[in-house]
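[1] next comes the sequence, and after it the predicted model I'd like to discuss.
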Amino acid sequence: MESPTIDLTETLQEMAGAAEAASGGGSLLSLQNILYVVAALLFIFGLKGLTHPRTAVRGNLISLGGMLLAMATAAVLDPHLWHGWMWWVFGGVAGLLVGLIAAKLVQMTAMPEMVALYNGSGGIASMFVAGAVFHHLTHIAGEPGTAQAADVMQMSAMHMAAVMDGGQPYQTFIATAVSGIIGAVTGSGSVLAFLKLRGKFGSAMTNPLLKFGNGGFLAIAAIFGILLVINPEWTWAYWALAIAALACGVFFVMPIGGADMPVVISLLNSYSGLAACATGFVINNTVLIVSGALVGASGLILSKIMCVAMNRSLTNVLFGVMADVGEAASADEVYAGKVKATSAEEVAMLLDGVQRVCVVPGYGMAVSQSQHVVRDIANELAKRDVEVSYGIHPVAGRMPGHMNVLLAEADVPYEQLHEMDTVNQYIEQVDVCIVLGANDVVNPDARENPKSPIAGMPIIDVDKARTCIVIKRSLSPGFAGIPNPLFAKDNTLMLFGDGKKALTELLDAIKEG
Ligand code: NAP
């Protein structure tokens with residue numbers, strides 16, 4: 001009796017022949033690949049555009065063009081999709097509608113949750129696509145010559161032709177196992193991350209056994225992956241691998257919470273790209289390989305940037321290890337008798353005659369949607385020859401670039417947006433620093449208190465400005481859940497209230513004064 005691998009090899013060789021015929025001597029395949037490369041180039045130029053607020057919209061449109069080209073190429077030139085085209089159209093239209101509705105309805109502050117769901121969908125889709133292709137391939141091997149096998153053969157022929165170099169299908173099976181593992185980890189991990197961001201699943205769980213669950217299920221998934229490659233006839237091994245990897249995803253995200261969540265979301269985004277890339281190898285689709293690799297790499301770079309901005313090590317986040325945190329002082333200890341409240345009129349008087357003002361926005365600006373009023377105040381001050389800038393912390397708000405997007409929406413000139421390191425160089429010469437709904441990213445404990453849970457996190461040193469006005473509704477903590485000694489500093493005045501309301505009153509007071 002022949003081994004299953006030999007059966008598969010013969011099947012794939014037949015498919016390669018069919019591919020030759022289906023592609024009209026390969027010209028269709030070449031045209032398809034050329035168009036896929038053009039789409040991939042558009043993705044790369046699109047990503048380049050996204051690196052600066054001024055070119056971000058153009059970058060988005062270029063990437064959209066790349067995606068439409070890739071979809072049209074697949075639909076028109078890929079015989080794989082001619083069979084069951086109605087499913088393709090149905091999936092495309094459904095995806096388009098969900099994307100459009102989500103873009104309209106989802107609030108800016110809920111964007112990380114939406115990204116988590118998108119990552120999860122990408123991971124699960126990769127898992128199922130790789131599983132379906134694997135199932136078809138092994139089915140052909142089991143029953144060569146059947147009508148169904150002939151159908152599947154024709155569908156997969158072009159894709160498999162390139163896999164036949166050397167006659168070994170192993171790379172397809174390895175890619176299948178990789179796609180299944182990463183896709184499943186991404187899927188379940190993202191759903192849990194979504195629930196955590198929604199507040200439906202507690203925060204970080206610190207039981208050390210979780211680490212073993214994470215590693216244990218990953219090892220089980222890897223063992224099933226090896227079995228699958230050695231003996232592809234065992235299709236059940238793929239689904240066993242997927243179940244183990246789904247459990248691994250849950251254990252991966254369970255110990256993570258609080259300020260580490262954005263890193264995890266970004267990391268899962270990277271994983272979803274890697275899963276798509278591996279699926280690209282399974283179905284031999286160039287554009288999926290390239291775009292998956294781009295998402296994988298950019299997600300990893302973003303995770304690294306965020307780790308640096310939050311003083312977390314990527315390795316620790318990757319393995320779900322929390323940094324040793326110290327004791328946070330109680331709010332009473334930090335604030336009792338030291339906080340000074342102010343009014344819009346007092347702040348307007350303070351701003352009269354100053355030379356340099358720096359606005360440091362945070363999550364509260366997003367919640368109160370006060371970006372337009374703050375721009376009006378900056379314009380009013382500029383009329384009085386005051387130099388206004390905005391200090392942007394890399395993880396201010398709830399997603400990378402959150403503040404840039406909001407301020408760009410309010411037509412704040414890009415030249416006025418300064419990164420944290422730049423602001424910290426001149427903050428001591430700033431007469432008045434207006435902290436608008438920011439908390440953790442301006443908490444001097446990160447710099448001064450080695451026992452603080454956020455010790456070492458880079459912050460904007462607003463406490464070093466001559467006067468600091470903090471606009472927020474109360475003394476409530478920010479995302480990290482710890483008190484902020486900034487509010488009790490000698491040079492700090494608290495303007496309590498909703499960001500938009502407080503700024504509107506301030507604008508009126510400046511105009512009156
Ligand atoms: P933050 O530390 O979360 O503090 C936001 C502050 O906004 C709160 O203290 C809150 O105080 C105030 N606020 C809420 N609603 C307001 C309103 N309507 N008007 C005025 N103020 C309002 O925000 P952050 O300084 O921007 O720091 C971001 C935090 O989120 C960091 O811990 C970061 O690690 C984490 N994070 C970042 C990202 C990212 O990628 N950017 C993603 C997820 C998490 P009151 O309730 O007293 O008003």
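    Nice, I can see it.
[2] give me the neighbour count for whichever residue of the stretch 51-200 of the chain sits closest to the ligand.
    Nearest to the ligand, among the residues of the stretch 51-200 of the chain, is Pro112, at 5.7 Å (CB to the nearest ligand atom). Where you see a C-beta, it was placed from the backbone N, CA and C, and this is true even at glycine. By other CB atoms under 10 Å, 21 other residues sit near Pro112.
[3] excluding its backbone neighbours, what's nearest Asn214?
    Phe251 (4.0 Å; CB to CB, 6 or more residues apart in numbering).
[4] for the host helix or strand of that neighbour, what is the average pLDDT?
    Secondary structure from DSSP states H and E places Phe251 in helix 235-253. If you average the pLDDT over helix 235-253, you get 93.
[5] contacts for that helix, please.
    Helix 235-253 is contacted by residues 127, 130-131, 134-135, 138-139, 176-177, 180-190, 192-193, 196, 210, 213-214, 217-218, 220-221, 224-225, 227-228, 231, 264, 320 when judged by CB atoms under 8 Å, 6 or more residues apart in numbering.
[6] run through those and flag the ones next to the ligand.
    When contact is defined as CB under 6 Å from any ligand atom, these do not meet the ligand at all.
[7] can you list which of those are found in helices?
    127, 130-131, 134-135, 138-139, 176-177, 180-190, 192-193, 196, 210, 213-214, 217-218, 220-221, 224-225, 227-228, 264 (DSSP state H).
[8] list the contacts for Leu81?
    Taking CB under 8 Å, 6+ apart, one finds 74-75, 88 in contact with Leu81.
[9] picking up where we left off before, so is the residue of the stretch 51-200 of the chain closest to the ligand in a helix, a strand, or just coil?
    helix (DSSP: H, G, I helix; E, B strand; the rest coil).
[10] for this structure, which residues score under the pLDDT cut-off?
    Applying pLDDT under 70 to the chain flags the ranges 1-29, 80, 139-169, 202-208, 258-259, 316-329.
[11] quick check: residues of it near the ligand?
    Going by CB under 6 Å from any ligand atom, the residues of the chain near the ligand are 112, 259, 261-262, 310, 362-364, 367-368, 395-400, 402, 437-441, 472-474, 476, 478-480, 498-499.
[12] residue of this protein with the smallest distance to the ligand?
    Gly478 (1.9 Å).
[13] quick one: Glu346 from Met494, how far?
    Taking CB to CB, to the nearest Å as the measure, Glu346 and Met494 are separated by 11 Å.
[14] of the two, who's got more company?
    Met494 (21 against 15).
[15] what's across from the more buried one in the sheet?
    Beta-bridge pairing of Met494 under DSSP bridges involves Ala341, Val470.
[16] so it touches Val470, yeah?
    Yes - counting by CB atoms under 8 Å, Val470 is a contact partner of Met494 at 5.3 Å.
[17] got any residues that touch both of those two?
    Phe487.
[18] for the strand or helix carrying Ala446, output the C-alpha coordinates as CSV.
    Following DSSP H and E, one finds Ala446 within helix 445-448. Only the C-alpha atoms of helix 445-448 are listed here, as CSV (Å, rounded to 0.1, in the frame of the first residue of the first chain):
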residue,chain,number,x,y,z
ASP,A,445,5.3,59.4,39.6
ALA,A,446,6.6,57.5,36.6
ARG,A,447,9.7,59.6,36.8
GLU,A,448,10.1,60.2,40.5
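[19] what's it in contact with?
    311, 440, 452, 454-459, 461, 482, 484-485.
[20] got it, and stretch 376-388?
    So stretch 376-388 is contacted by 351, 354-359, 412, 416, 503, 506-507, 510-511 (CB under 8 Å, 6+ apart).
[21] mind listing what the closest residue in space to Thr186 that isn't next to it in sequence touches?
    Spatial nearest neighbour of Thr186, excluding adjacent residues (CB to CB, 6+ apart): Gly123 at 2.8 Å. Applying CB under 8 Å, 6+ apart, one finds that Gly123 lies in contact with 182-187, 189-190, 268, 271-272, 275.
[22] got a list of what the residue most central in space within the chain touches?
    Closest to where the C-alpha atoms of the chain average out (CA atoms, centre = their mean) is Ser266, at 3.5 Å. Taking CB under 8 Å, 6+ apart as the contact definition, Ser266 lies against 299, 302-303, 306, 400.
[23] same thing but 6 Å
    299, 302-303, 306 (CB atoms under 6 Å, 6 or more residues apart in numbering).
[24] make a ChimeraX selection of the buried ones in the contacts of helix 445-448.
    A single ChimeraX command selects the buried members of those (16 or more other CB atoms under 10 Å):
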select :440,452,454,455,457,458,459,461,482,484,485
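[25] now the contacts of helix 445-448 as a markdown table including secondary structure?
    Shown next, in a markdown table, are these (three-state DSSP):
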| residue | secondary structure |
| --- | --- |
| Asn311 | coil |
| Asp440 | helix |
| Ser452 | coil |
| Ile454 | coil |
| Ala455 | coil |
| Gly456 | coil |
| Met457 | coil |
| Pro458 | coil |
| Ile459 | coil |
| Asp461 | coil |
| Ile482 | coil |
| Asn484 | coil |
| Pro485 | helix |
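[26] isn't there a helix covering the residue nearest to Thr186?
    Yes - using three-state DSSP, the assignment for Gly123 is a helix.
[27] distance of it from Ser179?
    For Gly123 relative to Ser179 (CB to CB), the value is 10 Å.
[28] shared neighbours of those two, which are they?
    Common neighbours of Gly123 and Ser179 (CB under 6 Å, 6+ apart) are Ala275.
[29] of the contacts of helix 235-253, keep whichever come out buried.
    Counted by 16+ other CB under 10 Å, the contacts of helix 235-253 give 127, 130-131, 134, 138-139, 176-177, 180-190, 192-193, 196, 210, 213-214, 217-218, 220-221, 224-225, 227-228, 264, 320 as buried.
[30] just give me the neighbour total for the residue nearest to Asn214.
    24.
[31] need the contacts of stretch 376-388 in TSV with distance to Thr342 and secondary structure, can you?
    TSV is the format used below for the contacts of stretch 376-388 (distance: CB to CB, whole Å; DSSP: H, G, I helix; E, B strand; the rest coil):
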residue	distance to Thr342	secondary structure
Leu351	12	helix
Val354	15	coil
Gln355	20	coil
Arg356	19	strand
Val357	15	strand
Cys358	18	strand
Val359	16	strand
Val412	25	coil
Gln416	25	helix
Leu503	14	helix
Leu506	10	helix
Leu507	16	helix
Ile510	14	helix
Lys511	18	helix
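[32] if we can go back for a sec, inside helices: which ones of the contacts of Leu81?
    74-75, 88.
[33] highest neighbour count among those?
    Going by other CB under 10 Å, Ala74 tops the ones in helices among the contacts of Leu81 with 19 neighbours.
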